[in-house]
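Novice: would you be able to build a 3D model of this:
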Amino acid sequence: MNLNLLAISGILLSVTCSFLTIILLIYGRNDFHRLWTLFNSFCIIWGYGLFRIAITHNISQAMYFWKITNTAGIFLAAIFLHIAYVFCGKTSFRSVIVAYVLVFSFSILDIFNLLNYKLTLLYNTFYYIKPLGPQYPLVSITWLLIIGYALYVLFKYYLKIQGFKRNQALYLFAGTLVGALGGATHFLPIFGFNIYPFGQLGIAIYGAIATYAVLRYRILDIRIALTRTGVFIAVYTLILGAPFILAIKYKNKLIELFGSYWWIIPLGLMGLLATIGPFLYIYFQRKAENKIFKEQKRYQSTLKQASVGMTRIKDLKKLLDLIAHIVTKTVRISYAAIYLYDRHTKECVLQISRPKGKVNIPSFSSGNLFIDWLTREQEPIVYEEIKRKWEDTKTDILRVLEENMRLLGAAVIIPSFLENKFMGFFVLGNKVSGQIYTPDDLDVFQVLASQAALAIENAQFYAEVKEMNEQIAQADKMATIGTMADGLSHQINNRFYALSLIAGDSIDTIKLTDTSKCTPEVKAMIDNINYALGRIQTNVIQGGEVVRGLLKYTRKGDEGLEALKLNDIIDNTLEMVQFKVKLNEIDLIREFPEDLPKIKGNMTQLNEAFFNFIDNAYDAIVERRTTLKEPDYRGKITIAAKQISDDYLQIIFQDNGMGIKDDNNRKIFTPFFTTKVSSRKGTGLGLYVIRRIIVESHRGKIEFETEYKKGTRFVLQLPIAK
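Specialist: A predicted model of the protein is given here:
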């Protein structure tokens with residue numbers, strides 16, 4: 001066997017493309033993959049044909065394999081043009097059809113010996129084509145023109161796209177250029193340039209690079225791929241080439257020195273170089289990548305440093321603003337947004353976006369497949385990967401992911417977890433430079449997201465504690481006022497009593513005064529004074545009633561449980577609530593019979609509970625009236641009751657107010673939570689206290705039903721007095 005460089009390049013191409021074809025058959029899913037499989041199949045034939053040509057000494061056999069090789073080689077040009085058109089999304093395939101017609105015609109001409117060439121021994125090693133006319137050079141030129149046009153189509157497409165597809169196009173373009181330049185050396189002897197077709201080794205490299213681009217979803221930056229390939233070729237050319245050169249050039253000298261064991265020297269050198277080869281490869285690879293990706297390494301280092309310092313920021317808004325600012329400015333991306341997961345509402349809610357004017361999705365519900373995917377997979381999602389996978393498989397989950405990422409304008413989604421607790425996700429747009437997100441980028445962003453999760457958790461906890469302390473302080477202030485009620489009411493009643501005496505004495509004095517001799521003007525003035533003093537007395541009496549109601553409401557109900565009529569509880573409550581709620585603006589309806597059994601309860605505590613029900617219902621009515629502005633709307637509060645068993649009475653407070661959003665249903669009885677939006681906003685303790693009064697103090701039950709923009713219904717069960 002005449003093993004030479006052409007034979008090695010041919011068998012290497014054939015074996016490489018056989019391996020790639022097997023991979024494509026296993027993992028390929030669409031027409032584009034199948035077309036690329038066909039291309040690699042023709043490469044196998046071409047490579048095998050070259051191998052047989054290079055090792056044969058029979059001119060007839062060489063001619064037979066040249067016809068096979070020519071057919072495979074010329075068809076490769078047309079198939080690649082077809083691939084370029086499909087990849088670039090072109091709809092008109094006239095140029096592709098012309099290319100197929102040409103190559104098919106050339107193949108027929110070759111089969112019938114009409115291309116007018118003969119074979120000649122080249123380098124005294126293998127038989128090569130020698131044209132006898134212009135036919136075969138025309139075939140060669142046609143091959144080069146078709147490949148050149150395919151490269152032009154790819155490059156033109158590369159210039160107008162961004163992101164992953166741009167990088168994939170660059171892979172195909174760069175890989176094809178390497179292969180085309182290597183394949184072009186195949187034609188040099190045909191045009192009279194007796195240069196060894198060494199470049200055909202590049203065709204195998206081209207096949208590997210291009211197939212990687214076709215199949216891979218998360219593709220390396222082309223610069224990384226070419227750098228690593230170049231370093232690998234350089235290092236292993238040294239490892240394999242140095243012993244080979246030593247053996248060829250200095251063979252005689254080695255024989256003189258070592259005799260029949262001369263081969264040990266090149267073999268030993270090869271062993272030594274093979275041992276240090278991996279270390280050389282890693283060293284030069286790092287050196288080259290650090291130089292080429294200096295800017296990328298810089299911003300990755302900045303992100304890592306920033307992630308460490310984030311936990312010191314306590315204000316959540318400032319923290320999120322800082323994260324978005326660092327990411328957009330450092331990495332130079334077109335858009336960034338942060339969504340945080342609300343464990344109460346089970347939603348991911350948009351917190352911040354840069355730029356702010358960009359259209360985005362305000363929230364994602366807990367049932368969204370997009371959120372389920374993030375919480376389950378816990379890995380970054382690259383839009384181009386999802387898009388290609390969806391195009392290949394057409395599954396519902398991939399369709400939802402692609403649609404949501406497209407609406408978000410996301411090139412990458414980075415989920416954020418604190419241990420296994422889902423905190424939210426970061427949305428990253430395309431890089432301004434047009435470069436793709438490399439695996440190194442994604443690793444750095446995952447580190448950033450993990451550190452951000454801890455910082456966000458700390459900021460949220462700090463904000464909750466701060467709000468709770470404020471609410472506790474407010475509640476404590478109100479409790480202090482309650483404990484002062486007895487003393488205040490005594491002082492206020494004394495003032496009211498003094499005013500009443502002064503007004504009464506003044507009225508008596510006016511009655512005893514003879515005004516018959518007074519002028520009409522003086523009489524009118526005295527009448528007005530008398531009327532004003534009467535109003536003072538009336539308001540003094542009403543003020544006293546307010547003080548007594550306040551005292552009754554704020555005193556602790558320590559007297560225990562007693563038999564109470566429902567009407568009495570409501571009447572006592574209205575005595576106080578009428579000074580806060582404008583009862584004339586609403587309809588308050590009682591729907592229960594007079595002969596209802598009495599409740600076993602504490603009057604003061606039940607007054608507090610009923611007060612809160614009516615106050616909250618009124619607030620919801622005001623909110624609906626001001627928000628919806630319905631022309632015929634009038635607020636209504638209905639208090640209904642019935643006996644549901646021998647032991648319990650059911651009481652229903654129902655209003656037609658704004659209702660409660662579904663998001664807040666789970667939190668309605670949580671301490672310090674309030675849905676009030678007006679200036680009358682409370683401490684958030686009302687319904688929490690009510691629940692304790694009903695459930696703990698009275699051994700009853702409380703439930704609620706609500707419909708947003710329709711109203712709310714509280715259902716109580718209180719024990720019957722026996």
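Novice: CA only for contacts and neighbour counts going forward, please
Specialist: Will do.
Novice: any idea how far Ile510 is from Pro520?
Specialist: 16 Å (Cα to Cα, to the nearest Å).
Novice: so the two - more neighbours on which side?
Specialist: A direct count of neighbours by other Cα atoms under 10 Å for Ile510 and Pro520 places Ile510 higher, at 15 against 11.
Novice: low-confidence ranges, the stretch 101-250 of the chain, go.
Specialist: 162-164, 167, 196-241, 244-245, 248 (pLDDT under 70).
Novice: quick one, helices of it?
Specialist: 135-160, 163-184, 201-215, 222-249 (DSSP state H, counting those that start in this stretch).
Novice: again with the stretch 401-550 of the chain
Specialist: With DSSP H, counting those that start in this stretch as the criterion, the stretch 401-550 of the chain has helices spanning 439-483, 485-512, 520-554.
Novice: which element follows the last one toward the C-terminus?
Specialist: Under the assignment DSSP states H and E, the closest C-terminal helix or strand after helix 520-554 is strand 562-564.
Novice: chain center to that next one: distance?
Specialist: Remark: strand 562-564 is offset 58 Å from the chain centroid, using Cα atoms, centre = their mean, to the nearest Å.
Novice: likewise for stretch 596-607?
Specialist: 53 Å.
Novice: cool, and stretch 349-358?
Specialist: The mean C-alpha position of stretch 349-358 is separated from the chain mean by 13 Å, Cα atoms, centre = their mean.
Novice: flag every buried residue along it.
Specialist: Of all the residues in stretch 349-358, those buried under the rule 16 or more other Cα atoms under 10 Å are 349-354.
Novice: same question for stretch 94-114.
Specialist: In stretch 94-114, counting by 16+ other Cα under 10 Å, buried: 96, 99-100, 102-104, 106-107, 110.
Novice: farthest from the middle of this structure: give me that residue.
Specialist: Lys517 (91.7 Å; Cα atoms, centre = their mean).
Novice: separation between that residue and Lys523?
Specialist: Counting by Cα to Cα - Lys517 and Lys523 are separated by 9 Å.
Novice: which other residues reach stretch 521-536?
Specialist: 499-500, 503-504, 506-507, 510, 515 (Cα atoms under 8 Å, 6 or more residues apart in numbering).
Novice: mind doing that once more with 10 Å?
Specialist: 496, 499-500, 502-511, 515-518, 520, 538-542 (Cα atoms under 10 Å, 6 or more residues apart in numbering).
Novice: host element of the residue nearest to Ser363 when sequence neighbours are not counted?
Specialist: Leaving out its chain neighbours, the residue that sits closest to Ser363 by Cα to Cα, 6 or more residues apart in numbering is Val349, at 4.3 Å. Using DSSP H and E, Val349 falls within strand 347-354.
Novice: helices or strands up against that strand?
Specialist: helix 316-331, strand 336-342, strand 363-364, strand 421-428 (3 or more Cα pairs under 10 Å, 6 or more residues apart in numbering; DSSP states H and E).
Novice: got the buried residues for the first one?
Specialist: Read it as helix 316-331. Neighbour-count burial for helix 316-331, counted by 16+ other Cα under 10 Å, picks out 316, 319-321, 323-328, 331.
Novice: export those residues to TSV and append columns for pLDDT and distance to Ile599.
Specialist: As requested, the buried residues of helix 316-331 are exported to TSV (pLDDT from 0 to 100; distance: Cα to Cα, whole Å):
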residue	pLDDT	distance to Ile599
Leu316	78	49
Leu319	80	54
Leu320	83	53
Asp321	84	56
Ile323	81	58
Ala324	83	59
His325	80	61
Ile326	80	63
Val327	81	63
Thr328	82	64
Val331	80	69
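Novice: return the member of these nearest to Thr125.
Specialist: Closest to Thr125 out of the buried residues of helix 316-331 is Val331 (55.9 Å), distances taken as Cα to Cα.
Novice: now whichever helix or strand Leu272 is part of: buried residues?
Specialist: For Leu272, the enclosing helix or strand under DSSP H and E is helix 264-292. For helix 264-292, the neighbour count (16+ other Cα under 10 Å) marks 266, 269-270, 273-274, 277, 280-281, 284-285, 288 as buried.
Novice: turn those residues into CSV, including pLDDT.
Specialist: Below are the buried residues of helix 264-292 laid out as CSV (pLDDT from 0 to 100):
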residue, pLDDT
Pro266, 78
Leu269, 79
Met270, 78
Leu273, 77
Ala274, 76
Gly277, 75
Leu280, 79
Tyr281, 72
Phe284, 77
Gln285, 73
Ala288, 68
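Novice: could the residues you listed go into a markdown table alongside distance to Trp373?
Specialist: Formatted as a markdown table, the buried residues of helix 264-292 follow (distance: Cα to Cα, whole Å):
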| residue | distance to Trp373 |
| --- | --- |
| Pro266 | 57 |
| Leu269 | 54 |
| Met270 | 51 |
| Leu273 | 48 |
| Ala274 | 46 |
| Gly277 | 43 |
| Leu280 | 42 |
| Tyr281 | 39 |
| Phe284 | 40 |
| Gln285 | 36 |
| Ala288 | 38 |
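Novice: tell me the domain ranges of the chain?
Specialist: As given by automatic domain parsing, the domain ranges for the chain are 5-216, 222-292, 296-459, 485-554, 562-719.
Novice: show me the one of those that comes nearest Lys466.
Specialist: Across the domains of the chain, closest to Lys466 is domain 296-459 (Cα to Cα), at 10.4 Å.
Novice: residues of stretch 645-653 that come out buried?
Specialist: 648-653.
Novice: narrow these to those in strands?
Specialist: Among the buried residues of stretch 645-653, the ones falling in strands (DSSP state E) are 648-653.
Novice: picking that back up, can you tell which of the helices and strands packed on strand 347-354 is closest to Lys118?
Specialist: Per Cα to Cα, nearest to Lys118 of the helices and strands packed on strand 347-354: helix 316-331, 60.2 Å.
Novice: report the angle between the axes of the closest one and strand 336-342?
Specialist: 150 degrees (axes from the mean of the first three to the mean of the last three Cα atoms, to 10 degrees).
Novice: and helix 316-331, how far out from the chain middle?
Specialist: On Cα atoms, centre = their mean, the centre of helix 316-331 falls 16 Å from that of its chain.
Novice: between the two ends of stretch 566-586, how far is it?
Specialist: 21 Å.
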